[in-house]
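In: requesting a structural model of the entry that follows:
(chains A and B)
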2 protein chains.
Amino acid sequence: MKIVVDGFGGDNAPEAIVEGVVKALKDYSDVEIVLTGHEDKLKELMAGREEGRVEYIDASEIITNDDVPTEAIRAKKDSSLVKALDYLKQNEECVGLVSAGSTGAVLTGATVRVGRIRGITRPALCPILPTITGGKVLLIDCGANVDSKAPMLLQFAIMGASYAKAVLGVENPRVALLSNGTEDKKGNELVHETFALLKECESINFVGNMEAREILSGDYDVVVSDGFAGNVALKSCEGTAVSVFKLLKKGIMNGGLRAKLGYIFLKPVLKGLKKNLDYSESGGAAFLGVIKPVIKSHGSSEAKSICASIGQVRDMHIGNIVEHIKEGLPKSE
Amino acid sequence: MKIVVDGFGGDNAPEAIVEGVVKALKDYSDVEIVLTGHEDKLKELMAGREEGRVEYIDASEIITNDDVPTEAIRAKKDSSLVKALDYLKQNEECVGLVSAGSTGAVLTGATVRVGRIRGITRPALCPILPTITGGKVLLIDCGANVDSKAPMLLQFAIMGASYAKAVLGVENPRVALLSNGTEDKKGNELVHETFALLKECESINFVGNMEAREILSGDYDVVVSDGFAGNVALKSCEGTAVSVFKLLKKGIMNGGLRAKLGYIFLKPVLKGLKKNLDYSESGGAAFLGVIKPVIKSHGSSEAKSICASIGQVRDMHIGNIVEHIKEGLPKSE
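Out: Numbering: from 1, shown residues only, chains lettered A, B, ... in the order given. Below is the predicted model of the structure:
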């Protein structure tokens, strides 16, 4: 299967992107890659490695975080991202896309140039986080739609549950609504309206309201939220994890010989912990609701994370995620 | 100065409350306490300790988390919380209140039975979190108002900045607006409207939008948010910190002798880290906008945290927080 990769998106592009592609070609023998961006540079980096399974689409421009997404998608027609999106749209044999570029540009571009699944009002960004019980939890939406309405959140729930089932193999995913308490009456107006819709929806296993404290608990498979609160939740989790490690480091630095000895002994555990919390190791955020799988890889992605994102597109294609989402949508639409 | 304490609010009441009161009476020689609740029980627990500086208000009922706050405040007139609120309202010499009881009941009760500062639309809940640089950051609002309007957020900003100045002694507090990115244009509709109001407000030092990732960074003194997103941020931070410690514990348990040795050596650092992250050690959440200082202590508060909350009311009284808030409000109101 053919997957298109934005060769010049992200802080570490194109080097980390190419390394990730090489790794993915080794890991997945059924995958072929289409790389977009400065062709000469990409070819130079790829030289001598897995070249038989890579195609190139030359693109002279780069969309950065400083660009206004809507404008950049329109104006930078020769950018590595727009070329990748158009390739995905125009080539039936291309099954999905990976980009570590500007989040806004990837989301806007995928929506307007690739297109939404029929019946989906707004696609949503869905990172997959590791839980403390060793499982995974989906947080949908995490910033694509900062002013959402209840029917949109219902669709987020359906899309998240579809991913959990089709890609992660969770049989009857537990879908919860992010609120300020677990009781049915908790929440703001949007949560109240959404709660009623989720309760009525027969295609999902809605388990009620939940608190942000429990996101990583392993008690839920899909956490539904509007994009603003979801973004706050995701970044609060990230920020706290980073803060804990910074404080730990400071404590060790200032803790004398005893602390340094302790660190040496505990190093494997701490490394494992850090790895466990770093969700980029398992890929990127899925942009669900688009007619083909699109993964937004973290801007600071290294090769490992790009490779995992390619694997994620592969899993989404094999799991037939788009058909699953279509089937989950209410039939009246 | 006289401070009234809800003797029967919280998971560990009345024992932990009484212990906290005893500790506070030792720590603060200028404080006298009024304890509400089953008088006989309270007197039995206090027996022989600092009794000269404690008064009792008998109350036969208890408001729990299972009660509907608005109904409980109306119906349970003989509860330890309502008695405490009424004492605060009716006695000029009483300078503030501490309760570890139901958050909803404390907030509703303080608003309707004690009253708002003239000009304040809605009081807001404001926990004070430790930053990784050793300072403190205020997060306002954290759940009192889950459907806020921009003018309310402006008032939250003014109240938070007043607390930072008057109570924490921060000279020119940096006030930031919680958003999904740092750029001026980021945010949902509410953030856009609030951004404009904060930018115009001359009485505060507004430094712009911020991401939830940076809440604990030490770069900001006051983080302004509507109550829903603020609650999500607070609980995501709490939940992640708890998760990291659970994972670390698991890693140590499964890490063999080497990990256990490491743990023994690192124990002081890890304990310090836990203490640093546990904001209940430094008191409770201030409920700002009420005519007298009200502190909502964590439901699971132990004596240390009750004592710190009493100290916090004392600091708020000495710092003249209510007058500071009044002065910060736009004069036209």
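
In: low-scoring stretches of chain A, by residue?
Out: Along chain A, the parts satisfying pLDDT under 70 run over A:332-333.

In: how is it carved up into domains?
Out: A:1-120+A:289-311+A:329-333, A:125-283 (automatic domain parsing).

In: most remote residue from the middle of chain A, which is it?
Out: Most distant from the centre of chain A: residue A:257, at 41.6 Å, with distances by Cα atoms, centre = their mean.

In: ok, that residue to residue B:269 distance?
Out: 12 Å (Cβ to Cβ, to the nearest Å). Every C-beta, even on glycine, is put in place using the N, C-alpha and C of the backbone.

In: what parts of the stretch 101-250 of chain A come near chain B?
Out: A:132, A:143, A:146-147, A:178, A:180, A:187-189, A:191, A:211-217, A:225, A:227-229, A:231-244, A:246-248, A:250 (Cβ under 8 Å from any Cβ of the partner chain).

In: quick one: buried ones out of those?
Out: For those, a neighbour count by 16 or more other Cβ atoms under 10 Å in any protein chain shown gives the buried set as A:132, A:143, A:146, A:178, A:180, A:187-188, A:191, A:211-217, A:225, A:227-229, A:231-244, A:247-248, A:250.

In: from chain B, how far out is the residue nearest the centre of chain A?
Out: Nearest to the mean C-alpha position of chain A, counting by Cα atoms, centre = their mean, stands residue A:285 at 0.3 Å. Residue A:285 sits 14 Å away from chain B, going by Cβ to the nearest Cβ, to the nearest Å.

In: tell me the secondary structure of the residue lying closest to residue A:54 once chain neighbours are set aside, please.
Out: Distances taken as Cβ to Cβ, 6 or more residues apart in numbering or on different chains put residue A:33 closest to residue A:54, at 5.1 Å, once the chain neighbours are dropped. Assigned by DSSP: H, G, I helix; E, B strand; the rest coil, the conformation of residue A:33 is strand.

In: before we move on, what about residue A:175?
Out: Criterion first, three-state DSSP; result for residue A:175: strand.

In: surely it meets residue A:220?
Out: Yes: here residue A:175 reaches residue A:220: they are 7.5 Å apart, a contact under Cβ atoms under 8 Å.

In: need the overlap of contacts for these two.
Out: residue A:207 (Cβ atoms under 8 Å, 6 or more residues apart in numbering or on different chains).

In: show me what the longest helix that chain A contains is packed against.
Out: Scanning chain A for the longest helix, with DSSP state H as the assignment, gives helix A:227-253. Judged by 3 or more Cβ pairs under 8 Å, 6 or more residues apart in numbering or on different chains; DSSP states H and E, helix A:227-253 is in contact with strand A:136-140, strand A:174-179, helix A:256-277, helix B:227-253, helix B:256-277.

In: who are the packing partners of the helix or strand following the first one?
Out: Heading C-terminal from strand A:136-140, the first helix or strand you meet, by DSSP states H and E, is helix A:150-166. For helix A:150-166, the helices and strands in contact under the criterion 3+ Cβ pairs under 8 Å, 6+ apart are strand A:124-126, strand A:136-140, strand A:174-179, helix A:189-200, strand A:222-224, strand A:285-288, helix A:321-328.

In: now do the buried residues in helix A:150-166.
Out: Buried, per 16+ other Cβ under 10 Å, within helix A:150-166: A:150, A:152-166.

In: would you mind measuring from residue A:235 to residue B:163?
Out: 24 Å.

In: how many neighbours does the residue nearest to residue A:303 when sequence neighbours are not counted have?
Out: Excluding the flanking residues, the one nearest residue A:303 by Cβ to Cβ, 6+ apart is residue A:19, at 3.5 Å. The local packing of residue A:19 (other Cβ atoms under 10 Å in any protein chain shown) involves 19 other residues.

In: correct me, but residue A:19 touches residue A:305?
Out: No: contact criterion Cβ under 8 Å: residue A:19 and residue A:305 do not qualify, at 10.6 Å.

In: how about the contacts made by the closest residue to chain B within the stretch 1-150 of chain A?
Out: Distance from chain B to each residue of the stretch 1-150 of chain A (Cβ to the nearest Cβ) is smallest for residue A:146, at 4.0 Å. Counting by Cβ under 8 Å, 6+ apart, residue A:146 touches A:226, A:227, A:228, A:231, B:180, B:187, B:188, B:191.

In: distance of it relative to residue B:287?
Out: 28 Å.

In: one more: residue A:176?
Out: In terms of Cβ to Cβ, residue A:176 sits 28 Å off from residue B:287.

In: also residue A:315?
Out: From residue A:315 to residue B:287 the distance is 48 Å (Cβ to Cβ).

In: could you do residue A:223 as well?
Out: Residue A:223 is 29 Å from residue B:287, by Cβ to Cβ.

In: what do you get for residue A:49?
Out: Counting by Cβ to Cβ - residue A:49 and residue B:287 are separated by 62 Å.

In: neighbour-wise, which of those two wins?
Out: Counted by other Cβ under 10 Å, residue A:49 and residue B:287 do not tie: residue B:287 has more neighbours, with 24 against 13.

In: show me what contacts the more buried one?
Out: B:106, B:107, B:110, B:123, B:124, B:125, B:126, B:144, B:294, B:295, B:296.

In: of those, buried ones?
Out: B:106, B:107, B:110, B:123, B:124, B:125, B:126, B:144, B:294, B:295, B:296.

In: how close does the second one get to chain A?
Out: Put plainly, it is residue B:107. 12 Å.

In: please name the nearest non-neighbouring residue to residue A:248.
Out: Per Cβ to Cβ, 6+ apart, closest to residue A:248 is residue B:273, 5.7 Å.

In: neighbours around residue A:44, how many?
Out: 11.

In: partner residues bridging the nearest residue to residue A:144 once chain neighbours are set aside?
Out: Spatially, and ignoring its direct neighbours in sequence, residue A:144 is nearest to residue A:125 (4.3 Å; Cβ to Cβ, 6+ apart). Residues in a beta bridge with residue A:125, per DSSP bridges, are residue A:287.

In: ok, residue A:125 touching residue A:225?
Out: No: assessed by Cβ under 8 Å, residue A:125 is found out of contact with residue A:225, at 10.9 Å.

In: anything in contact with each of those two?
Out: A:140, A:141, A:142.

In: in TSV: those, plus distance to residue A:29.
Out: Output for those, formatted as TSV (distance: Cβ to Cβ, whole Å):
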residue	distance to residue A:29
A:140	31
A:141	34
A:142	32
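
In: which of those are buried, as a ChimeraX select command?
Out: Selection of the buried residues among the shared contacts of residue A:125 and residue A:225 in ChimeraX, burial being defined by 16+ other Cβ under 10 Å:
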select /A:140,141,142
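
In: which among the shared contacts of residue A:125 and residue A:225 gets closest to residue A:116?
Out: residue A:141 (14.0 Å; Cβ to Cβ).

In: how near is that closest one to residue A:222?
Out: 11 Å.

In: same check on residue A:34?
Out: Residue A:34 is 31 Å from residue A:222, by Cβ to Cβ.

In: who's more crowded, these two?
Out: Using other Cβ under 10 Å, the more surrounded residue of residue A:34 and residue A:222 is residue A:222, with 30 against 22.
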